[in-house]
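Enquirer: Take this sequence and fold it.
(4 chains)
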4 protein chains.
Amino acid sequence: MANGLPRLKITDVKTILTAPNGIRLVIVKVETSEAGLYGLGCATFTQRPMAVATSVDEYLKPFLMGKDPDRIEDIYQSAFVSSYWRNGPVLNNALSGIDMALWDIKGKRANMPVYDLLGGKCREAAPLYAHAGGRDPEEVADSVRKYMEEGYRHVRAQVSVPGYSVYGAGGGKVTGKIWKPLSPEQKGAFEPTPYVNAVIRLFDHLRSELGNEVELLHDVHERIPPIQAIGLAKELEKYRLFFLEDVFAPEDIEYLRILRPQTSTPIAISELFNNMCEYVPMIKDRLFDFIRCHLSQIGGISPAKKLASFCEFFGIRTAWHGPGDVSPVGHAANLALDLSCYNFGVQERHVFRQETQDVFPGCPELRDGYLWSNDKPGLGIDIDEELAAKFPFPEHPFNGAWPPVRKLDGTVIRP
Amino acid sequence: MANGLPRLKITDVKTILTAPNGIRLVIVKVETSEAGLYGLGCATFTQRPMAVATSVDEYLKPFLMGKDPDRIEDIYQSAFVSSYWRNGPVLNNALSGIDMALWDIKGKRANMPVYDLLGGKCREAAPLYAHAGGRDPEEVADSVRKYMEEGYRHVRAQVSVPGYSVYGAGGGKVTGKIWKPLSPEQKGAFEPTPYVNAVIRLFDHLRSELGNEVELLHDVHERIPPIQAIGLAKELEKYRLFFLEDVFAPEDIEYLRILRPQTSTPIAISELFNNMCEYVPMIKDRLFDFIRCHLSQIGGISPAKKLASFCEFFGIRTAWHGPGDVSPVGHAANLALDLSCYNFGVQERHVFRQETQDVFPGCPELRDGYLWSNDKPGLGIDIDEELAAKFPFPEHPFNGAWPPVRKLDGTVIRP
Amino acid sequence: MANGLPRLKITDVKTILTAPNGIRLVIVKVETSEAGLYGLGCATFTQRPMAVATSVDEYLKPFLMGKDPDRIEDIYQSAFVSSYWRNGPVLNNALSGIDMALWDIKGKRANMPVYDLLGGKCREAAPLYAHAGGRDPEEVADSVRKYMEEGYRHVRAQVSVPGYSVYGAGGGKVTGKIWKPLSPEQKGAFEPTPYVNAVIRLFDHLRSELGNEVELLHDVHERIPPIQAIGLAKELEKYRLFFLEDVFAPEDIEYLRILRPQTSTPIAISELFNNMCEYVPMIKDRLFDFIRCHLSQIGGISPAKKLASFCEFFGIRTAWHGPGDVSPVGHAANLALDLSCYNFGVQERHVFRQETQDVFPGCPELRDGYLWSNDKPGLGIDIDEELAAKFPFPEHPFNGAWPPVRKLDGTVIRP
Amino acid sequence: MANGLPRLKITDVKTILTAPNGIRLVIVKVETSEAGLYGLGCATFTQRPMAVATSVDEYLKPFLMGKDPDRIEDIYQSAFVSSYWRNGPVLNNALSGIDMALWDIKGKRANMPVYDLLGGKCREAAPLYAHAGGRDPEEVADSVRKYMEEGYRHVRAQVSVPGYSVYGAGGGKVTGKIWKPLSPEQKGAFEPTPYVNAVIRLFDHLRSELGNEVELLHDVHERIPPIQAIGLAKELEKYRLFFLEDVFAPEDIEYLRILRPQTSTPIAISELFNNMCEYVPMIKDRLFDFIRCHLSQIGGISPAKKLASFCEFFGIRTAWHGPGDVSPVGHAANLALDLSCYNFGVQERHVFRQETQDVFPGCPELRDGYLWSNDKPGLGIDIDEELAAKFPFPEHPFNGAWPPVRKLDGTVIRP
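Expert: Here you go, the predicted structure:
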C-alpha cells in the first residue's frame, strides 16, 4: 500500500473524439487496475485535435502504462520532459488530458470532489460572464440587458463593424456596405481603425444606457497593432471595464510594459499562452490583472494550480478560458479551481447543449449567473462513450483550423 | 454532503504544550463531529509559545467552532484577516497549527497521506543534511566524515572560534582564550572578523581533507554586517558550497541585490521570514536559491505549498527549516511537501529522541541519509497526550527566549 | 550614577486590560526602583489583546527585570531579537508598550514632555482630520459641513452603498435593497464596483457643494482589487483629495509602482504595516505621501521616530493612525511625534469619551480642529487602575476579532 | 504569371518517415503543378514524430492545397496562426518542413542554391565542431587529439562520471562503482556535483595536455541547478572555452541575467527553444553568444533567417543545432544559412552514415573540418522514397521518447 489504499496501476490510456456541440473535443480516459476506477481529462485543441490524439495514443500511453496514478506530480514532470522539446500546444494539451484524468482518479479514490483535494471551497459557486453581441450598440445593449435580467453581473460586449468581418459580435458576419478586399479568397476583411472606433462608440452607448453597475468586458482578440491597442485601452478607461482581453498577441506581450503605466483599464490575457516564458515575466511584474489560461492547453490542473498560487502573490485573479472549445470535463476542471483558489476572478460562461449534457453526464450547472458544481467525487463528470461516437468531428475545409483573417490589402493578421 | 462524505464540523480546537526533547513545542489539535476524527498541527514558536497558545485558545478556537474542516482555504484566508494586522510571528504560528491539522484531517478522511493530496510522491525519500561541528577544522572534518560514513551526502559544518561565542559549533561554547567583553552580563562575545577568518580556514581544510564530492553547507546565522557577508560568500565560492545560509538578517535582505552579481555561492535564506513582503521581491528576482521557511511560522501547509509552487517558476528549491524547534508534526508536514514538490532541494536533519518518538507515535524515519514517510493517512503522526503532559516546559530565566548576543563593546547583535 | 541621576532598575512590568470606550485596550506599566517613578505605554492590538498581554507578561517581563530603563535603545534592540522571529503583530505591540513606557519614564526623570526629548515643538498643536459619513452624498456633505463649522479643515468622507455592507459610513450597516449573498453566514456582502461608483459620486457631490478649500480624505480600506483601486485613484484626481488611504492591502503594496506614474492623488498607507520589508522599499522610491503607522503596532516611539526621520529625507509626511483602538497613551505618543517631527502631515481625530478621560487622566485635548498637549513631563498621561478594572473587555462571538467580510459569491475579502 | 515564370500551385503535401541512421526522421515533400518540381523540408522531432506527421497530413496539407508556393511568407504567417495556439514543438516542426520545402522549390525554380537567394556565400564552407568523449580525461584528450589531427579546430568534450549516468560521454553508460538509486526503475542516476567536479577536472586536463589553441566546447545539457551552472561557468572561465552550452533549461533562462555579470565564458543556448518569448528578451539584452536553434523546430528557414538577422544587431553568432536528429535536409538548410549569414559562428558536425547518404542523395560533404555545399539548386538534396521505406522507425518502449533521468532519490530531472 502506497497509502491507506491498495497500490494502483495505470492499465489503459485512450482518447475519445467527439463533437456534440459541433466543436472538435478530445477527451482522455485513464483506466486503472481497480475495476471501474478511471479518470477523464480534457485535451481539447480544436484546431489540431488529431495531433493531440496522436501524442496521447502513440507517446503518452506507452510512457504511462503500469505507472502509479497517485504520483501525479512525477508523471507530470517526467512526461513533460519525455519529449525533450516541450512547453507548447499539442504536447501540453496531451499532458492536460492525462493530468486532469489523474486528479479525477484521485478524487474518486478519496471520495472527494477535486476542489476538496485542492483546499476546499472558498466560495459557493463561480460568477460567470456572458457573451453579448449585436450589429450595433443598440442591439448589444439589448443583449447585455437580457443577461442582466437573468442575473448576470458580468457581460462581455462585442459589436459588428459595418463593412468588416469582426470577432465575437455574432459569428463574424459582415454587415452593411462591404469594402472590397484585394485578396480574392477573402469574403470580408478586418481593419483595425474602424474596429477601434466602433468599440469606443459601443462602450459610450452601453454606459450611458446601462449605467456603471454592470461589469462590462471586451475582447480585442489580438487583432490590432500594439500601440493602437494601448490607445484603445486608454480611451476605454473612463467606461470602467471589468477587463479588456487580449489587447496583444502572445508575440507582443512585452508591450504590456508600455501600456501599464498609461492606463488602469484592467487587462486579461493568456488564453493563448502555453509556455512559462510567456507568462512568468508578465506576472512577476504585475503587468496584467486576469490570467486566462486554457487548462487543456497548459498541462492541466497541476500547472494551473501552481500558476494560480503564483498569481495570488501578485494580486492577479483567475479567469480561466471557458468557451465551447473547452469540453465539459475541462469546464469541471476550471470549476474545481474556481471554487478552491482564493484569487479567483470570474469564469467565462458556456451553455452546454442538451446533446453535450447527454454525452457528458454531470456537466456543471448554470444558475442565477453562477456556475455550480455537482459536488460529486473527482471532477464529477462522466462520458457516455457510445453516444460520444455518434457525434464525429464535422467536415471542414481546413479540418477545423482557424481560417485566415486578412486586411483589405490582403495581409494576413493574428486571428 | 459537501462531497461523497458526510459534512463535518469542527467541534473543538486546543493546544498541547510539551517539551520531550527539552524544547518548547506547541501542538494544535482540531477535533471534528466525526467520532475519533481529528487532526494535529505544529504551531511551535519556541521563543514565544504561550503567546501562540493564547492566540489559538482565545481567538482561533471561537472563530473556528462549527466550521467545515474541508474548507481549508476559506478558513486560512478568513482567519488570516480576522486579526486585521497579520503576517507575522505568533499569529502565523497559530494559523500553521490549524492549517496542518486541517490537512491531517483531510488526509485521514481521504485515507491518503497528505503528500498524495498534494500531487503524490515525486521522490522516494528526502535527502537530509546533517549538522557537523567542532572546536577546530580537524574536529569538524572528523564530524563530517562520520556523517559521510553513515550515508549522508550533505553536511552543514560550523566551527568554534577561539575566544568567542559562536553559533552552531557545539552549543556556542567559548573555547580558548576569552576576550573580555565590556558588558558584565555577557559570558562570551561574538565578533564578525574572527568568525569570518575561521570559516574560510574551515572550508579550506574541509575541501583539502574531504575532496569536492560531499555537499557542504554553512549557516552564517545573520550575525555579520552585510558587506562582510558578501565578502565571505565570495571567498567561499571556490569551496563550492551546496548552500550558504542566512548571510543577512531579514531586515537586510535587499543586500541580496548587491551580493548576487558578485558570487555564485548558492544562497539559502528565509527561516526567519513571516511575511510575503519579505520573500516575494527576492523570489521574483531570483535572488536566492533555497527557501528555508519554517512551516510552523508562515501559516502551515497551504501557504508553503503555494510558496513552493511560486519558487518552482523561478528555479528556487525548498530546504524547509527542520531543527529541534519544529515538532515531529511539523517534520511530517515538511516531509509531505519534500516528497510531493518537484522543486525540493534538501531537508534539514533532526534526530528524534526516544522520548519524542514516544510522545509522537509515527515520527518520520531516518535511514541511509534520507527521511522516510510512514505512508499513513494524513500526516501519519499522532500524539500521546498523557505522556506529553509529563514533559512540561523547562524553567529558563527568559522563559525560552533567545539570550542576547553581544560584541566585545557590548552592542547587541542579530542572534 | 549612569548620568547626573541615580541609576535605576526596572522592578516590575505589567499589563492593564481595559475597555472604557468599548474597545479592548492593552496598557503596559513599567515600574522602577525609584518610588513612584513608572511609565505607561500602549500595546493595544484590539483583535488579539490577550496574545499581546501574554507576550509582555510571560516574555518581556522576565527579560526586562533588573535592566536600566534609561537604555531604551539597547532594550529595544535586544528585546526585538529575543524572540528570534520578529517584525510582526503581537510581538511588536508588546514592544511598543515597553518602549513608550521607557520614554515616559525618561521624560518624567528629565521633567520634560517627551516631545522635548525628541527635539522640541516645531508647531503649537496638531491639525486633526475628522470622520464624516452618511447614507448618501447629501448626508455626508452635511456631516462634513458640520465639522467645517467646528473648525476642522481636514475631513475624511465615507458613504454607504445601498444594498451592500461598506466600511466607515456608519458602522457598516446595509441600507436599501439587499443583494442576496450565497453564503448563509453573511448578513450583507461587499462588492467593489458599486462601492467605486458610489465614492466617485460622493466626491463629485462634495466638491460641487463644498468647494475646493476643505481638505477631503477617503479610506478605501484595502477592499478592492489593486487595478480597480488605481482606476479609482485616477478618477478621484480631479477632486484634489488631501489623501486617499489604504488603496491596497499590505500584501499588494508593490502595486504602488503601477499607480504612481498614473495619478497625483496623494496616497496614505501603512496603518497595517508591522515590518520594515513592507515600508522601506516604498519609502525609498517615494511611492506614497503619508505614513500611517500605528505606533502601538510597530514597536513604539523609538522606531516611529526613526521612521519619521527616514521619511523626511523623501518628502513623506506623518499621519499616524489614531482611531479608538489606540489608547489615550498611544494618542499622547502620537502627539509627542506630531509636535516634534518637522515632516508632520495631519493627525487622525479621536474623541475621548468621558469614561476614557476618567480612566486616563491627562488625555490630549481637542480644540478648534487641533490636538493639544498638556505639556506635562513624559507622555503627560496617567491611568486610574481601579477604574480601569471596572471596564473589562466586552463579550464578542470571536473575542474581538474582525468578522469576515464576504463578496456576494461567498469569497472572504481583505477587511 | 506572378513573376517571369508561370504561376504554380501546390498539388500535394506529404510526410515521409524514415530512420536510416536509427533515428526517427520526418521529411515533408511539397509537390507543385509543374511536373517534377517539388521541395523537401525537414520536420523532424524525433521524440514525437507521429504527432508532427499528423499535423502535416491532417492540417497543413488541406490548408496548403492549391496555394502559390512562391508566397512563402504569406504561407508561413497564415499557417502559423491557423492553429490559433502556436509557437511550440510539433506545430513548429510541421511548419519547418513546409517552409524548407518551399525554399527548396524556389531555389530550383531560380536555378540557384538557397544560399544564393539568401544573399550569397560570405564564406566558402562552414567550420564544424566535432564531439569527443571518453571514460576519463585521458580518453577524452585522446579523442580531441584525434579530431585535431583530422583538421578540426573546434571540439566538444564530454566525460563520464564514475558511478553516474551522464550525457554525451558515450551513450550515458555508467562506469565504475554505481551508487544505488532509490527508484527501482532507474539503472543509473545523475547527480550534479560529481558531474561538475568531473567537468572541471576534464578541462584542467585538456588545457594542460592540448594547450590553448584548440577551441573547446562543452554541453551541460540543462541537467544541473541554475546557480550551480553559474558556478561551473565561472570555474571554467580560465580554460577559455569556445562556448558552454545549455547551462540552463529553457524554463530557467532568466538566470542568464545572474550569470552574465559574473563570467565571460561564452554561452550557447536555444536548441530547445520554440517560442520567441524564450529568445527575444535574451537576445535583446545580449545574454548569450551563440544561438543554437534547431531549424526544424522553430519553423524553418524563414524564421531562422530573421532570427539570424536580429542576432546580427546584437553581436550574437549562429551555431545551429545539427546532430543526428536533424535530417540531411535539415543539415542542408543549416548550411544554406551558415554560408550566407554574416554572423555565422560554427556548425555542429554530424557524420552521415552510408545508409543515410543513400536515402538522401546530395548530403553536404565533410572535408578538412568544414561542411561543404554541393552548390546545386535549392537545398541540393533529394530523397529516395523507396529506399527510405526500407528504414522504418525502430521499436522502443516509449516509442522514441526521451527516457526519464533521475537523481539518486528518484527525482526526475531535465534530460
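
Enquirer: for the closest residue to A:W179 other than its chain neighbours, helix, strand, or coil?
Expert: In this structure, A:W179 finds its nearest non-sequential neighbour in A:G163, 5.0 Å apart by Cβ to Cβ, 6 or more residues apart in numbering or on different chains. Placement of C-beta: from N, CA and C, glycine included. Put simply, A:G163 is coil when judged by DSSP: H, G, I helix; E, B strand; the rest coil.

Enquirer: Could you pull up phi and psi at A:L371?
Expert: phi -110, psi 130 (degrees, to the nearest 10).

Enquirer: Can you report how many residues neighbour the residue nearest to it when sequence neighbours are not counted?
Expert: Computed as Cβ to Cβ, 6+ apart, the closest residue to A:L371 that is not its neighbour in sequence is A:A126, at 4.5 Å. By other Cβ atoms under 10 Å in any protein chain shown, 26 other residues sit near A:A126.

Enquirer: who are the neighbours in contact with the residue nearest the centre of chain A?
Expert: Ranked by distance to the mean C-alpha position of chain A (Cα atoms, centre = their mean), the top residue is A:H321 at 2.1 Å. For A:H321, the contact set (Cβ atoms under 8 Å, 6 or more residues apart in numbering or on different chains) comprises A:271, A:292-295, A:297, A:348.

Enquirer: what's the neighbour count on the residue of the stretch 101-250 of chain A found nearest chain C?
Expert: Closest approach between the stretch 101-250 of chain A and chain C, counting by Cβ to the nearest Cβ: A:E124, at 3.8 Å. For A:E124, the neighbour count with other Cβ under 10 Å is 18.

Enquirer: That one belongs to a strand, doesn't it?
Expert: No - assigned with three-state DSSP, A:E124 falls outside any strand and is coil.

Enquirer: what about the nearest residue to it once chain neighbours are set aside, neighbour count?
Expert: Distances taken as Cβ to Cβ, 6+ apart place C:L182 nearest to A:E124, at 3.8 Å, with adjacent residues excluded. Using other Cβ under 10 Å, C:L182 has 19 neighbouring residues.

Enquirer: Kindly provide the distance from C:L182 to C:A189.
Expert: Distance, C:L182 to C:A189, by Cβ to Cβ, to the nearest Å: 9 Å.

Enquirer: before we move on, what about A:A110?
Expert: In terms of Cβ to Cβ, A:A110 sits 32 Å off from C:A189.

Enquirer: higher neighbour count, the two?
Expert: Between A:A110 and C:A189, counted using other Cβ under 10 Å, the more crowded position is A:A110 (26 against 23).

Enquirer: Quick check: the closest residue to A:P137 other than its chain neighbours vs A:V220, distance?
Expert: Spatially, and ignoring its direct neighbours in sequence, A:P137 is nearest to A:H205 (3.6 Å; Cβ to Cβ, 6+ apart). The spacing between A:H205 and A:V220, counted by Cβ to Cβ, is 18 Å.

Enquirer: Neighbour count: these two, which is higher?
Expert: A:V220 (25 against 17).

Enquirer: The more buried one contacts A:A249, correct?
Expert: No - look at A:V220 against A:A249 with Cβ atoms under 8 Å: they stay out of range, at 9.9 Å.

Enquirer: and A:L217, what helix or strand is that in?
Expert: Using DSSP states H and E, A:L217 falls within strand A:215-219.

Enquirer: A:G119 and B:P303 touch, don't they?
Expert: No - the pair A:G119 and B:P303 fails to qualify as a contact (Cβ under 8 Å) at a distance of 10.9 Å.

Enquirer: Same drill for these two, tell me which one is more crowded.
Expert: A:G119 (29 against 22).

Enquirer: where does that one fall, helix, sheet strand or coil?
Expert: Relying on three-state DSSP, one would call A:G119 coil.

Enquirer: Neighbours of the nearest residue to it once chain neighbours are set aside, how many?
Expert: The spatially closest residue to A:G119, leaving aside those adjacent along the chain, is B:E73, at 3.7 Å (Cβ to Cβ, 6+ apart). Using other Cβ under 10 Å, B:E73 has 24 neighbouring residues.

Enquirer: who touches the helix or strand hosting B:E73?
Expert: Per DSSP H and E: B:E73 is located in helix B:72-81. With contact meaning Cβ under 8 Å, 6+ apart, helix B:72-81 is reached by A:118-123, A:340-342, B:60, B:63-64, B:67, B:69, B:86, B:95, B:98-99, B:102-103, B:106, B:299-300, B:302-303, C:402, C:404, C:412-415.

Enquirer: after it comes which helix or strand?
Expert: Assigned by DSSP H and E, the successor of helix B:72-81 is helix B:91-110.

Enquirer: Work out the gap between that following helix and the centre of the chain.
Expert: In terms of Cα atoms, centre = their mean, to the nearest Å, the centre of helix B:91-110 is found 17 Å from the chain centre.

Enquirer: Just the CA coordinates for that helix, please, in PDB.
Expert: Output of helix B:91-110 as PDB, limited to C-alpha atoms (Å, rounded to 0.1, in the frame of the first residue of the first chain):
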ATOM      1  CA  LEU B  91      -0.300  34.700  14.600                       C
ATOM      2  CA  ASN B  92       1.200  32.900  11.700                       C
ATOM      3  CA  ASN B  93       2.300  30.100  14.000                       C
ATOM      4  CA  ALA B  94      -1.200  29.800  15.400                       C
ATOM      5  CA  LEU B  95      -2.600  29.600  11.800                       C
ATOM      6  CA  SER B  96       0.100  27.000  11.000                       C
ATOM      7  CA  GLY B  97      -1.200  24.700  13.700                       C
ATOM      8  CA  ILE B  98      -4.700  25.000  12.400                       C
ATOM      9  CA  ASP B  99      -3.800  24.600   8.800                       C
ATOM     10  CA  MET B 100      -1.700  21.500   9.200                       C
ATOM     11  CA  ALA B 101      -4.400  19.900  11.400                       C
ATOM     12  CA  LEU B 102      -7.000  20.500   8.700                       C
ATOM     13  CA  TRP B 103      -4.700  18.800   6.100                       C
ATOM     14  CA  ASP B 104      -4.200  16.000   8.500                       C
ATOM     15  CA  ILE B 105      -8.000  15.600   8.800                       C
ATOM     16  CA  LYS B 106      -8.500  15.800   5.100                       C
ATOM     17  CA  GLY B 107      -5.800  13.100   4.500                       C
ATOM     18  CA  LYS B 108      -7.400  10.800   7.100                       C
ATOM     19  CA  ARG B 109     -10.800  11.400   5.500                       C
ATOM     20  CA  ALA B 110      -9.400  10.600   2.100                       C
END
